[in-house]
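*Asks:* Okay, here's the prediction I keep looking at, along with the sequence it came from:
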Amino acid sequence: MDKFCNRILNTIREKGLIKGGETVIVGFSGGADSVCLLLALKKMESLLKIKLKAVHVNHCLRGDEALRDEAFCKRLCLEKNIDFEAVRADVRGYAKEKKLSLEEAGRAVRYSILLERCPKGGLIATAHHADDMAETVLLNILRGSGLRGLAGIVYKRENIIRPLLDVDKEDILRYARENGIDFVTDSTNLENDYTRNKLRNEILPVLKSDVNRRSSLHLKELAETAFEADEFIRGLAEKAVDENVSFTGDSIIIPHGFIKDRERIFRIYVIMEAIRRAGIGLKDWGSLHFSEIDRALFKGKGYKTDLPSGVKLKNEYKKTVIYKNEKDVKTAGGV
């Protein structure tokens, strides 16, 4: 097996991405990343004892170019004897219905389709690589992020695996070039209309050429360390919530005794875990709001403040109470 495929195999084994015997659904766009991933997994099909299938999602946004991509994917899978399915989706209509950007809608539709076609016990393999990880980390840092955002893209989450995270775009293109592998290029990836594309096409190349050619891989390593730290602190916070925080109806009761003297990062994680368990939607929440709750722990009795999603906060004697809606504040009585 060649060096490129060995690196991917090492990642699969070291990270426990594939146990053997699974059906692996590859999200197959026809771009260099997904072509190289698919062909590498095809080489390992017998070794890993997997059943391989490629699924191409046509977003129906790029006219003839999208049809070209779909035809290319079908032809390649036919040549390589790989099970293939193409699905056409009305991403523009979905974006309008859900009030999402085309980028957000495309991602949601794509994963929904892949999940629908993944059998029980199966896996979904996506072609995210080290440069994608670096882009995500930089984007999250610039937007304001905690450890979880700094952790970027993980190797495995539930049944979704990313076997290419230990190689970068340059590795992929070199492998395709040296092995005469054809692929298609999505012209929208070359445009800088999206922030992520600007990072990909302008910022990362400068970091690699002027700072360190292994910038992407170093950012990926930083993300792995952040993920491990996040998991460790999250575990401590979950235990603390189990033992100390109460959930009554639509309210969260946080006693001050167990938390006020602890490290700020621990307090923030406890707050995040409590909010998550209460089922409060976090779409409009950011680090600013969790910090606001943290500051409230040190305010006096009677302190109140409003938070996103109609959430209210009020300090009682030696405890902070978070209510999921205003009605709860008026009817909670002596909480």
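*Replies:* Noted; the coordinates are in hand. Residues are numbered from 1 along each chain as shown.
*Asks:* can you map out the strands along the stretch 101-250 of the chain?
*Replies:* Taking DSSP state E, counting those that start in this stretch as the test, the strands found in the stretch 101-250 of the chain are 123-125, 156-157, 160-161, 246-248.
*Asks:* For my notes, please list these in CSV and give mean pLDDT, distance to residue 139 and mean neighbour count for each entry.
*Replies:* In short, each C-beta sits where N, CA and C put it, glycine included. Formatted as CSV, the strands of the stretch 101-250 of the chain follow (pLDDT from 0 to 100; distance: least, CB to CB, whole Å; neighbours: other CB atoms under 10 Å):
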stretch, mean pLDDT, distance to residue 139, mean neighbour count
strand 123-125, 97, 23, 23
strand 156-157, 92, 18, 12
strand 160-161, 96, 20, 22
strand 246-248, 92, 34, 13
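*Asks:* Out of these, the one nearest residue 269 is which?
*Replies:* Closest approach to residue 269 among these (CB to CB): strand 246-248, 17.1 Å.
*Asks:* What are the buried residues along the following helix or strand past the closest one?
*Replies:* Counting by DSSP states H and E, the next helix or strand C-terminal to strand 246-248 is strand 251-255. For strand 251-255, a neighbour-count test (16 or more other CB atoms under 10 Å) marks 251, 252, 253, 254 as buried.
*Asks:* what stretches of the stretch 201-335 of the chain score poorly on pLDDT?
*Replies:* Where the stretch 201-335 of the chain drops to pLDDT under 70, the residues are 325-335.
*Asks:* the helices in it, which residues?
*Replies:* Assigned by DSSP state H, counting those that start in this stretch, the stretch 201-335 of the chain shows helices spanning 204-206, 215-244, 264-277, 287-296, 326-331.
*Asks:* nearest to residue 34, of those?
*Replies:* In terms of CB to CB, the element of the helices of the stretch 201-335 of the chain nearest to residue 34 is helix 215-244, at 18.2 Å.
*Asks:* just how off-centre is the closest one within its chain?
*Replies:* Computed by CA atoms, centre = their mean, to the nearest Å, the chain-centroid distance of helix 215-244 equals 14 Å.
*Asks:* Between strand 251-255 and it, find me the angle.
*Replies:* Orientation check (axes from the mean of the first three to the mean of the last three CA atoms, to 10 degrees): helix 215-244 against strand 251-255 gives 90 degrees.
*Asks:* ok so, going back, quickly compare the helices of the stretch 201-335 of the chain and say which is most buried.
*Replies:* Of those, the one with the most neighbours on average (mean count of other CB atoms under 10 Å) is helix 264-277, at a mean of 19.
*Asks:* Tell me which other helices or strands that one touches.
*Replies:* helix 215-244, strand 251-255, helix 287-296 (3 or more CB pairs under 8 Å, 6 or more residues apart in numbering; DSSP states H and E).
*Asks:* Contacts made by that helix with the rest, please.
*Replies:* Outside helix 264-277, the residues that touch it by CB atoms under 8 Å, 6 or more residues apart in numbering are 146, 233-234, 236-238, 240-241, 245, 247, 252, 254, 259-260, 282, 285, 287, 290-291, 293-294, 297, 322.
*Asks:* got it, and stretch 98-106?
*Replies:* Counting by CB under 8 Å, 6+ apart, 59, 61, 91, 92, 94, 95, 108, 194, 196 sit against stretch 98-106.
*Asks:* Show me the residue at the heart of the chain, geometrically.
*Replies:* What sits nearest the mean C-alpha location of the chain, by CA atoms, centre = their mean, is residue 153, with 5.1 Å.
*Asks:* My read is that that residue contacts residue 165, right?
*Replies:* Yes: in this structure, residue 153 is within contact of residue 165 by CB atoms under 8 Å, at 6.8 Å.
*Asks:* what touches both of the two?
*Replies:* Common neighbours of residue 153 and residue 165 (CB under 8 Å, 6+ apart) are 128, 133.
*Asks:* Helix, strand, or coil at residue 85?
*Replies:* Classification of residue 85 using DSSP: H, G, I helix; E, B strand; the rest coil returns strand.
*Asks:* That one and residue 117 touch, don't they?
*Replies:* Yes: between residue 85 and residue 117 there is a contact under CB under 8 Å: 6.8 Å.
*Asks:* which residues are common contacts for those two?
*Replies:* 53, 55.
*Asks:* Checking my notes, residue 93 in a strand, right?
*Replies:* No: counting by three-state DSSP, residue 93 is not found in a strand; it is helix.
*Asks:* quick one: it from residue 106, how far?
*Replies:* Going from residue 93 to residue 106 by CB to CB, to the nearest Å gives 12 Å.
*Asks:* And residue 218, by the same measure?
*Replies:* From residue 218 over to residue 106 the distance is 29 Å, taken as CB to CB.
*Asks:* Assess the claim that residue 196 and residue 137 are in contact.
*Replies:* No: at 11.8 Å, residue 196 does not count as touching residue 137 under the criterion of CB under 8 Å.
*Asks:* Those two: who's more crowded?
*Replies:* residue 137 (23 against 15; other CB atoms under 10 Å).
*Asks:* Can you tell me, leaving aside adjacent residues, what's nearest to the more buried one?
*Replies:* Among residues not flanking residue 137 along the chain, residue 152 sits closest, at 4.5 Å (CB to CB, 6 or more residues apart in numbering).
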